[in-house]
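Student: What follows is a predicted structure for the sequence shown.
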Amino acid sequence: MSRVVPGLKENWQQFSLLVLVNAFVGAMIGLERAVLPGLGKSVFELDANTAILSFIMAFGITKAVSNYSVAKLSKRFNRKQILMAGWFAALPVPFLLMYADSWSWVIIANILLGINQGLAWSSTVIMKVDIVGQKNRGLAMGINEFAGYLSVGLASYLASSLASSYGYAYYPFIPGIFFAAAGLLVSAFLVKDTTHFVHAESAISKIALLKNVWKETTWKHKNIGTVTLNGLVNNMNDAVVWGLLPVLLLQKDFSIQEIGIIAGVYPAVWGVMQLFTGKMGDVYCKKQIITVGMLTQAVAIVLLAISSQLTILIAAAVLLGLGTALVYPNFLTVVAENTHPLQRAETLSIFRFWRDSGYVTGALLAGLLADLVGMSTAIIIIAGITATAGVVAHFRMCCTLKKLYSSDDCIRPSLY
């Protein structure tokens, strides 16, 4: 068997294919971001914010569980097989949304979409971490998330443009047929499995095995656990922006196309900036990057809640995208670099389980708060939670692996 050589440059063909696949994964969810809240209001006449946010809850629960299932499935199946399963789940989604004659169809579509996002996105993340090695892991995660979230933004704008021209029903979801088919075909015929990279890295890794992966990832490990908390809060505020902001902007008399611009700018900036913020994590202290990112998000969310001027809202969307870009790839890198290769799939999957549980928490909390105290106040409360999580990161995390190895309570859970 040929020698396994990890590295971004050495494996650029497979890395590029995985980036392309992740772009299709992002595009699938992007079709919904600016459209589904309006579809619920205008087509299905849903009034309660909690009812509209039910589709995000269905998506979030399923994606979180699917993320965690990757930890179990990876013990029986290889990475590529899990990726393929995710794409098979996506195939019915555009048709369910195109032909939906009740809101329950939308819920079912989002359950399947959650499976797709959980299995396919997790697999591409894990496979990229497998093949790039340690040197450029932050850059690799930045490129991965860039592709995914730039696609979210572009697909969001595409769907809102179609909705503006043809209405919320049917037409905005047609591109999803192409995205799902292309993702499945590229995964099936061009992407190669990466399990052999794991075995090669395991033979030389000096990172201690975690005694209890669930407990360490959930909270006990000072770096991984804190990142897990911040990941959950990050996706909590993303659920609010996804679900409540379009409705709030409709109430402020913004047009569908203007809402599409705001909804599209945020993930587009999030995606593009990760090309730089991921690499920053390879050079600078990830703790500080994460703290600054969460505080930046909090400021941006407050501006989105209180402003009625399009230029300020667009600027706030840019700021929110920048804040999210600072944290997102570095979450993944912190988890990967603190974990033994044999446990990497499990820790990343548990982290992503809790992170995407934030969609459920955010949708439920925001919906209830919006019905009780109004949308603007609900969004501001979520901003406060976001800032608090950033402060926790500042005081609890350690900066570098060199420092971590010299401090038992930072990285060596076996010595707790």
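Tutor: Noted; the coordinates are in hand.

Student: what about E346, distance to T386?
Tutor: 28 Å (CB to CB, to the nearest Å). Glycine gets a C-beta too; all of them are placed from N, C-alpha and C.

Student: got it, and P329?
Tutor: Plainly put, P329 is 18 Å away from T386 if you go by CB to CB.

Student: now swap in S54 and tell me
Tutor: Distance from S54 to T386, counting by CB to CB: 23 Å.

Student: More neighbours: those two, which one.
Tutor: T386 (26 against 22; other CB atoms under 10 Å).

Student: Let me see the contact set for the more buried one.
Tutor: By CB atoms under 8 Å, 6 or more residues apart in numbering, T386 lies in contact with V233, N234, M236, N237, M294, Q297, A298, I301.

Student: where along the stretch 51-200 of the chain do the helices fall?
Tutor: Assigned by DSSP state H, counting those that start in this stretch, the helices in the stretch 51-200 of the chain fall at 54-73, 79-90, 93-98, 103-116, 122-132, 137-166, 175-189, 195-202.

Student: Indicate which one of the ones you listed is closest to A34.
Tutor: Nearest to A34 among these is helix 137-166; the distance by CB to CB comes to 4.1 Å.

Student: so what secondary structure elements neighbour that closest one?
Tutor: helix 12-33, helix 122-132, helix 175-189, helix 256-283, helix 310-337 (3 or more CB pairs under 8 Å, 6 or more residues apart in numbering; DSSP states H and E).

Student: do that again at 7 Å, thanks
Tutor: Judged by 3 or more CB pairs under 7 Å, 6 or more residues apart in numbering; DSSP states H and E, helix 137-166 is in contact with helix 12-33, helix 122-132, helix 256-283, helix 310-337.

Student: Following element in sequence after the first one, please.
Tutor: So that's helix 12-33. Next helix or strand after helix 12-33 toward the C-terminus (DSSP states H and E): helix 36-42.

Student: Please apply the same query to the third one.
Tutor: Per DSSP H and E, helix 256-283 leads on to helix 286-306 as the next helix or strand towards the C-terminus.

Student: quick revisit: mind checking which of the helices and strands packed on helix 137-166 is nearest V227?
Tutor: Nearest to V227, of all the helices and strands packed on helix 137-166, is helix 310-337, at 4.8 Å by CB to CB.

Student: quick one: the helix of greatest length in the chain to helix 103-116, angle?
Tutor: In the chain, taking DSSP state H as the definition, the longest helix is helix 341-373. Put simply, helix 341-373 runs at 150 degrees to helix 103-116, going by axes from the mean of the first three to the mean of the last three CA atoms, to 10 degrees.

Student: can you pull the buried residues of helix 341-373?
Tutor: 341, 343-367, 369-370 (16 or more other CB atoms under 10 Å).

Student: ok, then the element right after it?
Tutor: For helix 341-373, the following helix or strand on the C-terminal side (DSSP H and E) is helix 375-396.

Student: Just the CA coordinates for that next one, please, in CSV.
Tutor: Taking C-alpha atoms only, helix 375-396 is exported to CSV below (Å, rounded to 0.1, in the frame of the first residue of the first chain):
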residue,chain,number,x,y,z
MET,A,375,-39.6,40.4,18.4
SER,A,376,-37.1,43.3,18.9
THR,A,377,-36.8,42.6,22.7
ALA,A,378,-36.5,38.8,22.1
ILE,A,379,-33.6,39.4,19.6
ILE,A,380,-31.9,41.8,22.1
ILE,A,381,-32.1,39.1,24.9
ILE,A,382,-30.4,36.6,22.6
ALA,A,383,-27.7,39.2,21.9
GLY,A,384,-27.0,39.3,25.7
ILE,A,385,-26.7,35.6,25.9
THR,A,386,-24.2,35.7,23.0
ALA,A,387,-22.0,38.2,24.7
THR,A,388,-22.1,36.2,27.9
ALA,A,389,-20.8,33.1,26.1
GLY,A,390,-17.9,35.1,24.7
VAL,A,391,-16.9,36.3,28.1
VAL,A,392,-16.9,32.7,29.4
ALA,A,393,-14.5,31.7,26.6
HIS,A,394,-12.2,34.5,27.6
PHE,A,395,-11.9,33.3,31.2
ARG,A,396,-12.1,29.5,30.8
